[in-house]
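> predicted structure and sequence below. I'll ask about it afterward.
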Amino acid sequence: MNIVRPEADPLANTLAADEQRIAQQLAAFTEGLGLSDVPERVVARAKLHILDCLGIALASTTFEFAQRTANAVHGLAGEGDYPAIGMPLALPLRDQVMLNGTLIHGLDYDDTHTAGVIHASASALATALGQALKSDGSGADLLVAYLIGVETGARIGAAANGGFHVRGHHPTGLVGAFGATLAAGKLAGLPARKMAHAQGIVLSMAAGSLEFLSDGAWTKRMHPGWAGVAGITATALANEGFQGPGAAYEGRYGLFNLHLGPDNDADLSICAAGLGQSWELEQVGFKPYPACHFNHSFADAALQLRAEGIGADRIKRITALIHPTPAQVVCEPLEQKRRPANSYEAQFSIPYIVAQTLLRGRFTLDELEPSAYSDEAALALAAKVDWAEDPNTRFPNYYSGEIVVETNDGETRRFREDVNRGSDANPLSSADIEEKFWSNAGRAVNRVRAEQVYEAVMNLEKAGSAWPLMNALAAG
């Protein structure tokens, strides 16, 4: 097929007057950022986030949803040049990004930017890894693109002030598409004017619905992968001169007005604030538990209760104190949350997670097995859990959690985790994060394979190509 490539660049002057628009500001930051501009502490932290994501992705390959996703995307376009993480197949670029993003996010164990309420790493890493392979980028290039995806996606998400969740949108998919676009654009070598158009193009592709909360459907898992597909597609179109609207964020039908309504309280100044000076990656929290981040403080509070020796047989009632916005995700509808029908419903249930953590002294991937979420002792205790509004919540900056326990003999006890563990104000140690990687990776690969991945990530900035990392991740 002969493809005609116009000599003139139709985008050369179309955005000259729009330098103050958000898309232009984000594009200019993206074009100018190099690894030498990033503080060493941020680079070191980025590698820990990447390691965490890849360990989760490897663990995901042992679950049914991973194989069904792989079968679906392989059935569409067949073999390609880009290996999937931990699975014996190579796919076309966009299908690989779709699958890898699903693997990273599929266990709901990946990191969260608290203020943005977004799993920014999943789409940023899946996109950066795939596009780096296509562009023959270095490890440093991959790191920079990943950081761009996180820094921009986190800010866009935070600007909504939690409003996307209130309106039923999942920011990981919706907002992640914009961060993925900028990550892909950086690796593809797009100039800022084209990256601005790419953001306008992806506005018509970005999506993510919270309807999965109604029945534990699998759609949330695919949101980061689809964000990456949208970002790479928008980048390719913009690179060829395809024009997108300039006011992707602040326009009459831009991201915020379209998805939050015209009378929203979004603070659009956050979208580009502090780029290159403050690093939102440092506000991204690691997950100590494989569940929605809104639940984590309640699991820790339940561990405090267990340590006090108050057994399930002594408990009359437990009230979880929580902000109303996350409560709609992890507490309602209450009867359904008390009896999760599948692992995904279990991951989004405060009653279930409090009950299992109290009974077992832990909440791990093992507590997402059918034998766990159908255990009658756990369900009987979960039936005693209700919720009420927390007057002292730190949401949205942190995900506070408190449980008020009433015993059968009339005693009332309170256990609180004011700042969720794994956040910047209550961080996990590097050793904690590495141990999580070994545990997750070990579910899918032997120690030698896991060590190859570990070494590739920890030396990523020195690698001349992203391929050694991908080869360490690929099966076989």
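Nice, I can see it. All values reported here derive from a predicted model rather than from experimental measurement.

> going by C-alpha atoms from here, please, whenever you check contacts or count neighbours.
Fine.

> for the stretch 51-200 of the chain, which segments count as strands?
With DSSP state E, counting those that start in this stretch, the ranges of strands along the stretch 51-200 of the chain come out as 82-83, 90-91, 112-113.

> Throw the ones you listed into CSV and include distance to Gly285, thanks.
Putting the strands of the stretch 51-200 of the chain into CSV (distance: least, Cα to Cα, whole Å) gives the following:
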stretch, distance to Gly285
strand 82-83, 29
strand 90-91, 31
strand 112-113, 5
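
> send me the strand or helix carrying Arg306 as CSV with only the CA atoms.
In this structure, Arg306 sits in helix 296-307 according to DSSP states H and E. Extracted C-alpha coordinates of helix 296-307, given in CSV (Å, rounded to 0.1, in the frame of the first residue of the first chain):
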residue,chain,number,x,y,z
HIS,A,296,-6.2,-0.2,53.9
SER,A,297,-6.5,1.8,57.0
PHE,A,298,-9.4,-0.4,58.1
ALA,A,299,-7.4,-3.5,57.7
ASP,A,300,-4.7,-2.0,59.9
ALA,A,301,-7.3,-0.9,62.4
ALA,A,302,-8.6,-4.5,62.5
LEU,A,303,-5.0,-5.7,63.2
GLN,A,304,-4.9,-3.3,66.2
LEU,A,305,-8.2,-4.8,67.4
ARG,A,306,-6.8,-8.3,67.0
ALA,A,307,-3.7,-7.4,68.9
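
> identify the residue nearest Met98 in space, chain neighbours excluded?
Leaving aside its sequence neighbours, Met98 sits nearest to Gly225 (Cα to Cα, 6 or more residues apart in numbering; 3.8 Å).

> thought that neighbour was touching Val97?
Yes: counting by Cα atoms under 8 Å, Val97 is a contact partner of Gly225 at 5.8 Å.

> could you tell me which residues touch both of these two?
Ala126 (Cα atoms under 8 Å, 6 or more residues apart in numbering).

> neighbour count winner among these two?
Each of Gly225 and Val97 has its neighbours counted (other Cα atoms under 10 Å); Gly225 has more, 34 against 31.

> tell me the contacts of the more buried one?
The contact partners of Gly225, taken as Cα under 8 Å, 6+ apart, are 97-102, 122-123, 126.

> now stretch 204-216: buried residues?
Neighbour-count burial for stretch 204-216, counted by 16 or more other Cα atoms under 10 Å, picks out 205-210, 213, 216.

> kindly report the same for stretch 156-173.
Buried residues in stretch 156-173, counted by 16+ other Cα under 10 Å: 156-166, 168-173.

> any chance of a markdown table for the buried residues of stretch 204-216, columns distance to Thr364?
Converted to a markdown table, those look like this (distance: Cα to Cα, whole Å):
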| residue | distance to Thr364 |
| --- | --- |
| Met205 | 35 |
| Ala206 | 32 |
| Ala207 | 30 |
| Gly208 | 26 |
| Ser209 | 26 |
| Leu210 | 24 |
| Leu213 | 21 |
| Gly216 | 18 |
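
> how is this structure partitioned into domains?
Using automatic domain parsing, the domains assigned to the chain come out as 22-285, 293-417.

> so which of those is the most surrounded?
Neighbour counts (mean count of other Cα atoms under 10 Å) averaged over each of those peak at domain 22-285, with a mean of 23.

> so for that one, mean pLDDT?
Domain 22-285 carries an average pLDDT of 97.

> ok, now how distant is Asp265 from Ala159?
9 Å (Cα to Cα, to the nearest Å).

> and for Ala425?
Ala425 is 21 Å from Ala159, where distance means Cα to Cα.

> and what of Pro39?
For Pro39, the distance to Ala159 - Cα to Cα - is 24 Å.

> same question for Gly32.
For Gly32, the distance to Ala159 - Cα to Cα - is 23 Å.

> check contacts around the residue of the chain positioned farthest from its centre.
Distance from the C-alpha centroid of the chain peaks at Asp409, with 43.3 Å (Cα atoms, centre = their mean). By Cα under 8 Å, 6+ apart, Asp409 lies in contact with Arg314.

> just Gly254 next, same as before
Contacts for Gly254 (Cα under 8 Å, 6+ apart) come out as 203, 247-248.

> confirm that Leu281 sits in a helix.
Yes: assigned with DSSP: H, G, I helix; E, B strand; the rest coil, Leu281 falls within a helix.

> state the pLDDT value of Val419.
pLDDT, Val419: 94.

> in space, what's closest to Leu54 - neighbours in sequence excluded?
Nearest residue to Leu54, sequence neighbours excluded (Cα to Cα, 6+ apart): Ile104, at 6.6 Å.

> so the one you found sits against Leu51, correct?
No: under the criterion of Cα under 8 Å, Ile104 makes no contact with Leu51, lying 10.7 Å away.

> before we move on, the earlier item: specify which member of the contacts of Gly225 is nearest to Phe348.
Nearest to Phe348 among the contacts of Gly225 is Thr102, at 17.7 Å by Cα to Cα.

> phi and psi next, for the residue lying closest to the closest one once chain neighbours are set aside.
Once flanking residues are discounted, Thr102 sits nearest to Met222: 4.7 Å by Cα to Cα, 6+ apart. Main-chain torsions, Met222, degrees, to the nearest 10: phi -90, psi -10.

> which residues touch Gly231?
Gly231 touches 127, 177-182, 184, 198, 202, counting by Cα under 8 Å, 6+ apart.

> tally of neighbours for Lys462?
12.

> how close does it get to Ala320?
For Lys462, the distance to Ala320 equals 47 Å [Cα to Cα].

> and Ser209, by the same measure?
Distance, Ser209 to Ala320, using Cα to Cα: 26 Å.

> leaving out sequence neighbours, find the closest residue to the residue nearest the centre of the chain.
Nearest to the geometric centre of the chain sits His119, at 1.8 Å (Cα atoms, centre = their mean). Excluding the flanking residues, the one nearest His119 by Cα to Cα, 6+ apart is Thr112, at 4.6 Å.

> tell me what the one you found is bridged to.
Per DSSP bridges, the residues bridged to Thr112 are Gly285.

> wait, isn't it in contact with Ala120?
Yes: between Thr112 and Ala120 there is a contact under Cα under 8 Å: 6.8 Å.

> which stretch of helix or strand covers Asp409?
Applying DSSP H and E, one finds Asp409 in no helix or strand.

> run through who's touching stretch 348-357.
213, 291-292, 295, 298-299, 302-303, 320, 329-331, 337-340, 346-347, 362-363, 367, 373, 378-379, 381-386.

> average model confidence for that stretch?
Across stretch 348-357, the average pLDDT comes to 97.

> please compute how far that stretch lies from its chain's middle.
Offset of stretch 348-357 from its chain centre (Cα atoms, centre = their mean, to the nearest Å): 21 Å.

> of all the buried residues of stretch 204-216, which two lie farthest apart?
Longest span within those, Cα to Cα: Met205 and Gly216, 24.0 Å.

> name the helices or strands packed onto the helix holding Arg306?
Under the contact criterion of 3 or more Cα pairs under 8 Å, 6 or more residues apart in numbering; DSSP states H and E, helix 296-307 touches helix 350-360, strand 401-407, strand 412-417.
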